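J.: here is a sequence with its predicted model. Questions after.
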Amino acid sequence: MLKSNNSKFRSKCPISCSLDIFGDKWSLLIIRDMVIEQKKTFKDFFSSNEKIASNILTSRLKSLEKIGIISKNSALNNKKTNIYKLTDSGLSLIPTLVEMTIWSENNINFYKKRSESFSSSIKNKQKYIEKIQSKYLRSFDNIL
């Protein structure tokens, strides 16, 4: 459950509340990088292809932590390095990312031109999501 008491939502509509959190592209791209590329540190996120500004990255990481989607921990081997990890609420966004990917491939012309799509290669969506979650969680072995 997200820490809704720590944030100001504009309405009680679930879609509006979601947009208060994910209304800009950076928050979802940070989560994407955590899940897909196992990025964990500020430096990792800062090196992403989308070229997020450092002040925006700092702001989004703090916001995602405050709302309870990610947690910040110190690395075992270097206490000065912060490691960001999805909470259970953050992990529960993986199916949403998968669905957004499938929607994009089915509805945006750029992806329709590709020969094999991501969505057609998924035979069992739930097993695929569980595999992604498991791989993500294993990436923290010996780090925290």
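T.: Great, that's in hand.

J.: pull the CA atoms of stretch 23-42 into CSV?
T.: C-alpha atoms of stretch 23-42 as CSV (Å, rounded to 0.1, in the frame of the first residue of the first chain):
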residue,chain,number,x,y,z
GLY,A,23,2.2,12.1,-14.7
ASP,A,24,5.6,12.7,-16.2
LYS,A,25,7.7,10.2,-18.1
TRP,A,26,10.6,10.2,-15.7
SER,A,27,9.1,8.2,-12.8
LEU,A,28,8.0,5.3,-15.1
LEU,A,29,11.4,5.4,-16.9
ILE,A,30,13.2,5.1,-13.6
ILE,A,31,11.1,2.1,-12.7
ARG,A,32,11.6,0.7,-16.2
ASP,A,33,15.4,1.0,-15.8
MET,A,34,15.2,-0.7,-12.4
VAL,A,35,13.1,-3.6,-13.7
ILE,A,36,14.5,-4.2,-17.2
GLU,A,37,18.1,-3.1,-16.8
GLN,A,38,18.6,-3.7,-13.0
LYS,A,39,19.8,-0.1,-12.5
LYS,A,40,20.2,0.6,-8.8
THR,A,41,22.3,3.8,-8.3
PHE,A,42,21.9,7.5,-9.1
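
J.: chain center to that stretch, what's the gap?
T.: 4 Å (CA atoms, centre = their mean, to the nearest Å).

J.: tally of neighbours for the closest residue to Tyr136 other than its chain neighbours?
T.: The shortest distance from Tyr136 to any non-neighbouring residue, by CB to CB, 6 or more residues apart in numbering, is to Val35 (5.5 Å). Any C-beta I mention is one placed from the backbone N, CA and C, and that applies to glycine too. Val35 is flanked by 21 other residues according to other CB atoms under 10 Å.

J.: wait, doesn't Val35 sit right on Ile132?
T.: Yes: contact criterion CB atoms under 8 Å: Val35 and Ile132 qualify, at 6.3 Å.

J.: sec struct for Lys72, please.
T.: strand (DSSP: H, G, I helix; E, B strand; the rest coil).

J.: before we move on, back to that, for the residue nearest to Tyr136, pull up the helix or strand it's in.
T.: Per DSSP states H and E: Val35 is located in helix 25-36.
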